[in-house]
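J.: Based on what follows, work out the 3D shape:
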Amino acid sequence: MKKIISTIGILASILVFDSCKKVLDVDPLDRISEDVIWANKANAETFIYGTYAAMFYFGSPFTSGPGTDPYTTNILGNYGTAGNAYTVFSESLTNRDNFGFNNWGNIRRANLIIQKVGESAGITGTDKKALIAEAKFLRAMSYYSIARTIGRIVWIDKPLTENDEFKLPTTPNPTESYNHIIKDLEDAVADLPTTKIAGRTNKYVAASFLTEVCLQALAYKNYPAAANVNPADPLLDKIITNAQLVISGGYSMETDYEGMFNQTKSTSNEIIFAIYNKALNTTVANTPMQNSLPNITADKIKKFDGSPLFVKSVPFECWPENFPAQNLTDDYLTIDKADPTRVLPWNQTSQYKNAIDETINVIAPFTRLGFPQNKVAVSADETVVKMGRIKPGSTETMWTLTNENRDARWKASIISDSTSFYGETLTTCLRGNATRWMTINGGEYGFSLSNMYWRKGIYSNVAPSFLNTVSTDYHFVCMRLGRVYLNLAEAYLLKGDLGNALTNLNITRVQHGKLPASTAGNLTDAWKDYRRERRVELTEENDHYFSLLRWGRYGGNANDGISAGGTITELTEPIRVMDISKDRKSFSIVTGPFGNGYNQRRFETARRYLLPIPQGSIDNNSNFGPQNPGW
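T.: As a prediction, the model looks like this:
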C-alpha cells in the first residue's frame, strides 16, 4: 500500500526537486515560483501534502490520543493535561479563551488549491476534479474542527486579496456552518477517486467523515433551542447512504484491536484514514506515549517497599499525565460466570456478589514501609465510595474479578494491576511497583494517579527504552470502519429502527469486545448499550466529549432520559479511583480532587454546549459577533 508520511517537508522537497529539476537549475534556489507549483499535478501535490501536515498532527482535533477526553471521566490527568481540562470541566473558562477559532491559514491553503488547480493549463480535467475535491475535503475538515467546538465559522470560499473585505462575518448559527461543511464533503465524495493511499483522502474517507459530521449537524439544529430530531430528517438518510458506501469500499473489521493502534497492524484494513509518522523525524516525545507511561527506577520502587523490581534497570522514563479513570474502565463489561448470556459491569456479576463482602473495613493509615498486605489506604481529601474483601473460602481474587471473562478491549487498552507489558510486570496494588501511592502524599514523580496506564496507542517495539529522545515510528488513527458502523447504529437509533441499530452496534461489540451480542428489547436499553459500546470502542480516539454533547442535545434516551439540551450527568460526576491490596483480596473505590479539582465538575447548560468565540476577535471585528449564548 502506498503511504504518505508526516515527513511532508522532506517528501515535498524530493517531489519538487525531481519533477522540477530543470526549472530549479536556473531559477533562484531559495524559492519556487507559483507558476511552477501549479504547472502540473505532481508539483501541485507537494502543496496539498503540506496542507495535510498543517491540519493533521499530534494534538489536532482528528487524531487518536487523549484529545478532548480529559474533559470527560475517561481520563484522570495530571500536570498540563489536568490543568488544561480543569478550566473546561470546572466551568472557569471566560470568553477570552480561544479554542481554535482562527483557521484562516488552513482555509487559505485549501482555497488556493481550488483556485490554482482550476486555472492550471498543465493539469488534466480528470485530475483537476480530484485535486479540487481533495481541497474541499481539507477545507471541510478544518471548518468542522471549529464547528463542533464553537458552532460558528467564518466561511471563506476563495483566496482573499488586498482588495477584499477582511472584516467578514461568522455564520449566524451552527446549522449554516454545517451546511457549508456538508456541501464540501458531498462534493469530495462525488469527485474523489476510490484509490487507497494511506494518509491521503479518497471517496471513502470523505464519506466516513460525512457520517459523523451529519450526526453533529443534527444535534445542533435550532441551537440554542432544543434539537428535536425528526426520524425522517434527510441528514439521517445521508448518514446511512454514506456509511453503506464506505462499507462497500473493501474495508474490513480488524481481529487484532490492540494492533490497530501500535506497530503490529498499523495499516490494518479497518483503518480508513490515519497519519503515519516515521522514526526519521519522530521521537517518543512527539507521540501520546510520552504522557501515558510511567517514569520508574529501582530506587523509587525500593523506597516504597514495592515489588517486583523490573528486569531492565529503567524501562520507562516518560512524563506521565494521562491515565484511564475507573469511570471509564467500569464500562468494560464482564461475562457472568453463572449465566454466560449476560454481560455486566465487573462489580455487578454473580461472581463478584458471591465473592465480595462489602461490610468489612479494609482501610489502614498509609505508611511508606511495612504497609499491611491485606489493607488499602485512603488519602485525607478522598471519600470512600465502596470497599470490600474477598470472603474466606472463595477462590476468586481481585485480579480474577476484574480480568476474567472481560471485554477483550480491556486488556488491549488498559495496563492495570499485574499486567505484563514490554517484558515487565507492572503492579499497581499497594506496595506494587507502579502504584499511585508512590507519587501522592509527597512521594516520587512518575506514577499514575489512577493505578492504571494506557496500553492502547503504545508501540511495544520502542527500543532501547521509553525515553523522550528515542526515535520511533508512530501513527494516529483518525477514522476507521468500526467508527462508521457506530455512526450508522446511531442514525438507526434516531430513526427508531431498533433492529438495524443493534445489528451495527453489535459489530464492534462482538468482533472487538468478544462479548455476546446486545439483545436490547427497546430503544431505551439499546441507547444504553450503544453509548457504552461507543465509549469503550473509541476511547483515546478524540470522540467521547463530542458524543456526550451530541447526546445531550438529543436528550431523552440518548442522555439518561434528560430533556434535550439538559445537563449531562457524566460531565458532572467525580472521577473514581480503585486501590487493591497487596494480597489482591481487598479493594476500595474513592473519589477526590486527586490534586486537580476532579471533584469540582460542573456543566452549565446555558453555555457549555458550545465554547466561546474569542472575545478579543469580536473586539477587533464586530462582524464576528454576537458572542455565543451564555458567554
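
J.: after the longest helix seen in the chain comes which helix or strand?
T.: The residue-count maximum for a helix in the chain (DSSP state H) belongs to helix 125-147. Using DSSP states H and E, the helix or strand that directly follows helix 125-147 along the chain is helix 174-191.

J.: Just the C-alphas of that following helix, formatted as PDB.
T.: Listed in PDB are the C-alpha atoms of helix 174-191, where the atom choice follows Å, rounded to 0.1, in the frame of the first residue of the first chain:
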ATOM      1  CA  PRO A 174     -24.300  26.100  13.600                       C
ATOM      2  CA  THR A 175     -26.700  24.900  11.000                       C
ATOM      3  CA  GLU A 176     -25.400  27.300   8.400                       C
ATOM      4  CA  SER A 177     -21.800  26.200   9.400                       C
ATOM      5  CA  TYR A 178     -22.700  22.600   8.800                       C
ATOM      6  CA  ASN A 179     -24.500  23.300   5.600                       C
ATOM      7  CA  HIS A 180     -21.200  24.600   4.100                       C
ATOM      8  CA  ILE A 181     -19.200  21.700   5.600                       C
ATOM      9  CA  ILE A 182     -21.600  19.000   4.300                       C
ATOM     10  CA  LYS A 183     -21.700  20.600   0.800                       C
ATOM     11  CA  ASP A 184     -17.900  20.400   0.700                       C
ATOM     12  CA  LEU A 185     -17.800  16.800   1.800                       C
ATOM     13  CA  GLU A 186     -20.500  15.800  -0.600                       C
ATOM     14  CA  ASP A 187     -18.600  17.400  -3.400                       C
ATOM     15  CA  ALA A 188     -15.500  15.500  -2.200                       C
ATOM     16  CA  VAL A 189     -17.400  12.200  -2.100                       C
ATOM     17  CA  ALA A 190     -18.600  12.800  -5.700                       C
ATOM     18  CA  ASP A 191     -15.200  13.600  -7.300                       C
END
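
J.: packing partners for that helix?
T.: helix 125-147, helix 203-219, helix 234-247 (3 or more CB pairs under 8 Å, 6 or more residues apart in numbering; DSSP states H and E). For every residue, glycine as well, the C-beta is placed using N, CA and C.

J.: can you give me the helices for the stretch 251-400 of the chain?
T.: Along the stretch 251-400 of the chain, the stretches classed as helices by DSSP state H, counting those that start in this stretch are 298-303, 326-329, 350-355, 398-403.

J.: rank the ones you listed by mean pLDDT and give me the bottom one.
T.: Among these, helix 298-303 carries the lowest mean pLDDT, at a mean of 95.

J.: Which positions within that helix qualify as buried?
T.: Buried residues in helix 298-303, counting neighbours by 16 or more other CB atoms under 10 Å, are found at 300-301.

J.: From the contact counts, what lies against it?
T.: For helix 298-303, where contacts count as 3+ CB pairs under 8 Å, 6+ apart, there are no packed helices or strands.

J.: which residues sit against that helix?
T.: 306-307, 309-310, 313, 368, 433, 438, 444, 446 (CB atoms under 8 Å, 6 or more residues apart in numbering).

J.: returning to what we had before: between the helices of the stretch 251-400 of the chain, which gets nearest to residue 240?
T.: helix 326-329 (29.4 Å; CB to CB).

J.: Now tell me which helix or strand of this protein has the poorest mean pLDDT.
T.: Lowest on mean pLDDT, DSSP states H and E among the helices and strands of the chain sits helix 8-19, with a mean of 40.

J.: about what we covered before: now, of the helices of the stretch 251-400 of the chain, which is deepest in the fold?
T.: For these, ranked by mean neighbour count under the definition mean count of other CB atoms under 10 Å, the leader is helix 326-329 at a mean of 22.

J.: Identify the spatial nearest neighbour of residue 85, chain neighbours not counted.
T.: Nearest non-adjacent residue to residue 85, counting by CB to CB, 6 or more residues apart in numbering: residue 70, 3.7 Å away.

J.: circling back: mind giving me JSON lines with the helices and strands packed on helix 174-191 and columns for mean neighbour count?
T.: Supplementary listing: those in JSON lines, determined by neighbours: other CB atoms under 10 Å:
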{"stretch": "helix 125-147", "mean neighbour count": "23"}
{"stretch": "helix 203-219", "mean neighbour count": "26"}
{"stretch": "helix 234-247", "mean neighbour count": "20"}
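
J.: Residue 517: which of these is closest?
T.: helix 234-247 (18.4 Å).

J.: Check which helices and strands that closest one is in contact with.
T.: For helix 234-247, the elements it packs on are helix 174-191, helix 203-219, helix 481-495, judged by 3+ CB pairs under 8 Å, 6+ apart.

J.: So of the contacts of helix 298-303, which two are at opposite extremes in space?
T.: Taking every pair in the contacts of helix 298-303 and measuring CB to CB, the maximum separation is 22.3 Å, between 313 and 368.

J.: what about these two, which has more around it?
T.: Counted by other CB atoms under 10 Å, residue 313 and residue 368 do not tie: residue 368 has more neighbours, with 14 against 9.

J.: Make sure that one is actually in contact with residue 430.
T.: No - under the criterion of CB atoms under 8 Å, residue 368 lies out of contact with residue 430, with a separation of 11.1 Å.

J.: Pipe the helices and strands packed on helix 234-247 into CSV and attach distance to residue 40 and mean pLDDT per row.
T.: Listed next are those as CSV, based on distance: least, CB to CB, whole Å; pLDDT from 0 to 100:
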stretch, distance to residue 40, mean pLDDT
helix 174-191, 19, 98
helix 203-219, 23, 98
helix 481-495, 34, 98
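
J.: how about the ones you listed, which one is nearest residue 530?
T.: Proximity to residue 530 (CB to CB) singles out helix 481-495 among the helices and strands packed on helix 234-247, at 5.8 Å.

J.: Any idea how far the closest one is from the middle of the chain?
T.: Between the mean C-alpha point of helix 481-495 and the mean C-alpha point of its chain there is a distance of 17 Å (CA atoms, centre = their mean, to the nearest Å).

J.: Quick one: closest of the helices and strands packed on helix 174-191 to residue 78.
T.: Distances from residue 78 to each of these were compared using CB to CB; the shortest belongs to helix 125-147, at 26.1 Å.

J.: Point out the other helices and strands that the closest one packs with.
T.: Judged by 3+ CB pairs under 8 Å, 6+ apart, the packing partners of helix 125-147 are helix 41-55, helix 104-119, helix 174-191, helix 203-219.

J.: tell me the most buried of the ones you listed?
T.: Looking across these with neighbours counted as mean count of other CB under 10 Å, the highest average goes to helix 203-219: a mean of 26.

J.: relative to helix 481-495, how tilted is that helix?
T.: Using axes from the mean of the first three to the mean of the last three CA atoms, to 10 degrees, one finds that helix 203-219 and helix 481-495 are set 30 degrees apart in direction.

J.: Mind giving me the packing neighbours of helix 203-219?
T.: Secondary-structure packing of helix 203-219 (3+ CB pairs under 8 Å, 6+ apart): helix 125-147, helix 174-191, helix 234-247, strand 271-277, strand 474-480, helix 481-495, helix 544-554.

J.: With distance to residue 528 as added columns, please give these in CSV.
T.: Written out in CSV, the entries for the helices and strands packed on helix 203-219 read as follows (distance: least, CB to CB, whole Å):
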stretch, distance to residue 528
helix 125-147, 28
helix 174-191, 27
helix 234-247, 21
strand 271-277, 27
strand 474-480, 24
helix 481-495, 11
helix 544-554, 11
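
J.: related to what we said a few turns ago, possible to save the helices and strands packed on helix 125-147 as JSON lines with distance to residue 271?
T.: JSON lines is the format used below for the helices and strands packed on helix 125-147 (distance: least, CB to CB, whole Å):
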{"stretch": "helix 41-55", "distance to residue 271": "16"}
{"stretch": "helix 104-119", "distance to residue 271": "23"}
{"stretch": "helix 174-191", "distance to residue 271": "19"}
{"stretch": "helix 203-219", "distance to residue 271": "10"}
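
J.: Mind checking those helices for the one nearest to residue 364?
T.: The stretch from these with the least distance to residue 364 (CB to CB) is helix 203-219; that distance is 48.1 Å.
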